[in-house]
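> generate coordinates for the sequence data below:
(one chain, ligands or ions: 1)
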Amino acid sequence: MTSSNVSAVGERVGEFYDQLVGMFDASLYGPNIHVGYWNSQEDTTNLEEAADRLTDMMVERLRIGAGSRVLDIGCGFGGPAIRLARTTGAEVVGVSVSRKQVEKANELAEAAGVSGKVTFQYGDAMDLPFDDASFDAVWMLESVMQMPDRTAALAEAARVLRPGGRLALTDNYEREAISEERRPVIENILQRYLTQPPASFETYPAMLREAGLRCTELLDVSESTTKQSVRRLGEAMAQNMEQLASKVDPEVFKKLKPAEGENMEMPELGYLIATARRPETA
Ligand code: SAH
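All right, here's what the predicted structure looks like:
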């Protein structure tokens, strides 16, 4: 195995998640760190099940099965990778810049009885510790928005993907123009979560192409995901505040919690699903 050089941004993101590892015990999303998917406003599915539903939608898009080898870039606590392995029989390797997440994810794989098929390791998406064309599929679930350069991160994902293999991801994009007045408010929230500025929906296919991939599908799922997640998470967090606060350092918790009178909803930000293929020939 080759080793990974971790970028300065990666170091900071890793430190952030290391400090938040205690949140796992109070997680409202289960072993996931991504939004849920709801079929309608009336859909009362809980946060964890809705998060699993989004994972399942992404699994379908990879079109893999037993015998496939999948890379999970930005694996979090490993919930999605374990679910993918269980439902498809594929082998999965996950990477994260948080050592504590990697440790937790390996424990969860062990507890789920899939540690022979699912492994997690420390590594940076910008310099993946894997050989060219060594995976049948790659996914990036709600992780690319924390990477310092989207196109470079996608090009690195394309490098390790075999020709003909698929990539599926979720990302934030600017759905409504951000006004000059709102920009500092939004930037402040994104910076607290170490998230880069949102992508552009219109130019997403061109960005994938520049990275050596061909976009096969681009979906705006904002109404079914973030819009509902932020509201439901806000309600659930308000009820769980004390428990959450006891799990992480108060200084870190302050960053996550809405400030007095702050509205964390950002209607300007949309949520997209993109699927792409690495062409058979360059
Ligand atoms: N995909 C997981 C976690 C999403 S949270 C899930 O859906 O549950 C974002 C994840 O991306 C975290 O695990 C974080 O450590 C990882 N990440 C962010 N920047 C990264 C980078 N440069 N290299 C590797 N992982 C990164």
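> going by C-alpha atoms from here, please, whenever you check contacts or count neighbours.
OK.
> neighbours around Glu187, how many?
16 (other CA atoms under 10 Å).
> what's the nearest residue to it if we skip its chain neighbours?
Among residues not flanking Glu187 along the chain, Pro197 sits closest, at 7.5 Å (CA to CA, 6 or more residues apart in numbering).
> the one you found: neighbouring residues, count only.
Counted with other CA under 10 Å, Pro197 comes out at 17.
> check the secondary structure at it for me.
coil (DSSP: H, G, I helix; E, B strand; the rest coil).
> over to it: give its phi and psi.
Main-chain torsions, Pro197, degrees, to the nearest 10: phi -60, psi 150.
> which residues sit in contact with Glu48?
Contacts for Glu48 (CA atoms under 8 Å, 6 or more residues apart in numbering) come out as 28-30, 32, 36.
> pretty sure Pro258 contacts Met264?
Yes: assessed by CA atoms under 8 Å, Pro258 is found in contact with Met264 at 6.5 Å.
> higher neighbour count, these two?
Met264 (16 against 13).
> right, and that one touches Lys255 too?
No: under the criterion of CA under 8 Å, Met264 makes no contact with Lys255, lying 11.8 Å away.
> so which bits of this protein are right by the ligand?
Residues of the chain lying near the ligand by CA under 6 Å from any ligand atom: 10, 13-14, 32-34, 73-76, 80, 95-98, 123-126, 141-143, 146-147.
> just the buried residues from these, in PyMOL please.
To isolate the buried subset of the residues of the chain next to the ligand in PyMOL, counting by 16 or more other CA atoms under 10 Å, use the following:
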select buried, resi 10+13+14+32+33+34+73+74+75+76+80+95+96+97+98+123+124+125+126+141+142+143+146+147
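> taking the residues of the chain next to the ligand one by one, which sit in strands?
Among the residues of the chain next to the ligand, the ones falling in strands (DSSP state E) are 73, 95-96.
> any idea which helix or strand carries Met57?
helix 47-62 (DSSP states H and E).
> buried stuff in that helix?
For helix 47-62, by 16+ other CA under 10 Å, it's 47-48, 50-55, 58-59, 61-62.
> got a markdown table for the residues you listed, with pLDDT too?
Formatted as a markdown table, these follow (pLDDT from 0 to 100):
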| residue | pLDDT |
| --- | --- |
| Leu47 | 90 |
| Glu48 | 92 |
| Ala50 | 94 |
| Ala51 | 95 |
| Asp52 | 96 |
| Arg53 | 97 |
| Leu54 | 97 |
| Thr55 | 98 |
| Met58 | 98 |
| Val59 | 98 |
| Arg61 | 98 |
| Leu62 | 98 |
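> ok, those vs Glu242, which is closest?
Closest to Glu242 out of the buried residues of helix 47-62 is Leu47 (18.9 Å), distances taken as CA to CA.
> and for that closest one, nearest residue in space, chain neighbours not counted?
Nearest to Leu47 is Tyr29, by CA to CA, 6+ apart, at 5.4 Å.
> okay, now that neighbour: neighbour count?
Residues lying near Tyr29 (other CA under 10 Å) number 20.
> any idea how far Val35 is from it?
8 Å (CA to CA, to the nearest Å).
> go on, Gly116?
Counting by CA to CA, the gap from Gly116 to Val35 is 28 Å.
> ok, these two, which is more surrounded?
Using other CA under 10 Å as the criterion, Gly116 and Val35 rank with Val35 on top: 27 against 10.
> you'd agree the more buried one is up against Glu49?
No: contact criterion CA under 8 Å: Val35 and Glu49 do not qualify, at 10.4 Å.
> who touches both of the two?
By CA under 8 Å, 6+ apart, the residues touching both Val35 and Glu49 are Tyr29.
> show me where this structure has strands.
Along the chain, counting by DSSP E, strands occupy 69-73, 91-96, 118-122, 135-140, 161-174, 214-220, 269-277.
> columns mean pLDDT on top of the ones you listed, output as CSV?
Converted to CSV, those look like this (pLDDT from 0 to 100):
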stretch, mean pLDDT
strand 69-73, 98
strand 91-96, 98
strand 118-122, 98
strand 135-140, 98
strand 161-174, 98
strand 214-220, 98
strand 269-277, 97
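> give the buried residues for stretch 268-281.
Buried-residue list, stretch 268-281, by 16+ other CA under 10 Å: 268-278.
> then stretch 115-135?
115, 117-130, 133, 135.
> try stretch 253-270
For stretch 253-270, using 16+ other CA under 10 Å, the buried residues are 253, 257, 264, 266, 268-270.
> chain center to that stretch: distance?
19 Å (CA atoms, centre = their mean, to the nearest Å).
> having no further points to raise, I will conclude here.
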